[in-house]
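# fold the following.
(chains A and B)
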Amino acid sequence: MIDVLYFAWVRERIGLPRERLETGAATVADLVEELKAREERYAAAFADVSALRVALDQELSDFSAPLLGVREVAFFPPMTGG
Amino acid sequence: MRVRVQTGPFDYGAECAGFGQGGRDVGAVVTFLGVVRDDSGKLARMEIEHYPGMTEKAIAAIAKEAADRWALADVLVIHRHGTLAPGDAIMMVATAARHRAAAFAAADFLMDYLKSRAPFWKKEYGPDGAAWVAAKDADETALTRW
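Residues are numbered from 1 along each chain as shown, chains lettered A, B, ... in the order given. All right, here's what the predicted structure looks like:
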């Protein structure tokens, strides 16, 4: 099981802040493909992954990263702090 | 080194008073206050979302890098989230070092990294509705300076 979190407009587009999933995805990109295939709202949120960032266990990562051993995946737009 | 992520206001004057002082090795203290700006003239409020857990870790990592790189005697970062109005203080950084060049550079570095590597997202609300603030290419480019 893996916790998947969504923030900002990704959260709004998908319609929930987090969910727990059973996945066989080997990489972040594989997980994105699984999610996109589920429902239109996921396909809309992940239509352009170049507009998104991903964190694995609260560390910034990238879409080619493996998911082995990862407990928490978060998807969000580029950050706007400061 | 202190990092605080909070919804409520902070007292900039009280935080600055005495910061980095009291020892014999500090010759320079730089403090920076970030304020909510209204570019459109229509901003009613701003909602700042963050990633609890990652936010604190990311800021602590950025602050530690600054402390190591410029041999800071002390560093403080406070960043708010939740609802803010134009003119509200949103965040502050303070750095203490032997010399002013290091204190200024470390504060500048902290600001550049907090902008695009700390997981905050701003949404602006006005009479025409709400919109997420988009990250600027210039913010990403700024990181290459370091």
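# which pLDDT value goes with residue 53?
Picked chain A for this. Confidence at A:Arg53, expressed as pLDDT, is 97.
# not quite, go with chain B.
The model's pLDDT for B:Gly53 equals 97.
# strands of chain B, residue ranges please.
Residue ranges of the strands in chain B, as given by DSSP state E, are B:2-6, B:28-35, B:45-50, B:74-80, B:82-84, B:89-97, B:120-126, B:129-132.
# reformat those as JSON lines; add mean neighbour count, distance to B:Asp68 and mean pLDDT.
For glycine as for every other residue, the C-beta is placed from the backbone atoms N, C-alpha and C. Shown next, in JSON lines, are the strands of chain B (neighbours: other C-beta atoms under 10 Å in any protein chain shown; distance: least, C-beta to C-beta, whole Å; pLDDT from 0 to 100):
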{"stretch": "strand B:2-6", "mean neighbour count": "15", "distance to B:Asp68": "15", "mean pLDDT": "97"}
{"stretch": "strand B:28-35", "mean neighbour count": "17", "distance to B:Asp68": "17", "mean pLDDT": "98"}
{"stretch": "strand B:45-50", "mean neighbour count": "19", "distance to B:Asp68": "25", "mean pLDDT": "98"}
{"stretch": "strand B:74-80", "mean neighbour count": "22", "distance to B:Asp68": "10", "mean pLDDT": "98"}
{"stretch": "strand B:82-84", "mean neighbour count": "15", "distance to B:Asp68": "31", "mean pLDDT": "98"}
{"stretch": "strand B:89-97", "mean neighbour count": "24", "distance to B:Asp68": "12", "mean pLDDT": "98"}
{"stretch": "strand B:120-126", "mean neighbour count": "20", "distance to B:Asp68": "23", "mean pLDDT": "97"}
{"stretch": "strand B:129-132", "mean neighbour count": "12", "distance to B:Asp68": "34", "mean pLDDT": "96"}
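# out of those strands, flag the one nearest chain A.
strand B:120-126 (3.7 Å; C-beta to the nearest C-beta).
# how far does that closest one sit from the chain's center?
Put simply, strand B:120-126 sits 16 Å off its chain's centre (C-alpha atoms, centre = their mean, to the nearest Å).
# for that strand, packing partners?
Contacts defined by 3 or more C-beta pairs under 8 Å, 6 or more residues apart in numbering or on different chains; DSSP states H and E place strand B:120-126 against strand B:45-50, strand B:129-132.
# turn those into a markdown table, columns for distance to chain A.
Output for those, formatted as a markdown table (distance: least, C-beta to the nearest C-beta, whole Å):
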| stretch | distance to chain A |
| --- | --- |
| strand B:45-50 | 6 |
| strand B:129-132 | 5 |
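# so which residues on chain B come close to chain A?
B:34, B:49, B:51, B:53-54, B:57-58, B:79, B:90-91, B:111, B:114-123, B:132-135, B:140 (C-beta under 8 Å from any C-beta of the partner chain).
# circling back: including distance to A:Leu35, could the strands of chain B go into CSV?
Shown next, in CSV, are those (distance: least, C-beta to C-beta, whole Å):
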stretch, distance to A:Leu35
strand B:2-6, 29
strand B:28-35, 35
strand B:45-50, 21
strand B:74-80, 30
strand B:82-84, 29
strand B:89-97, 33
strand B:120-126, 20
strand B:129-132, 21
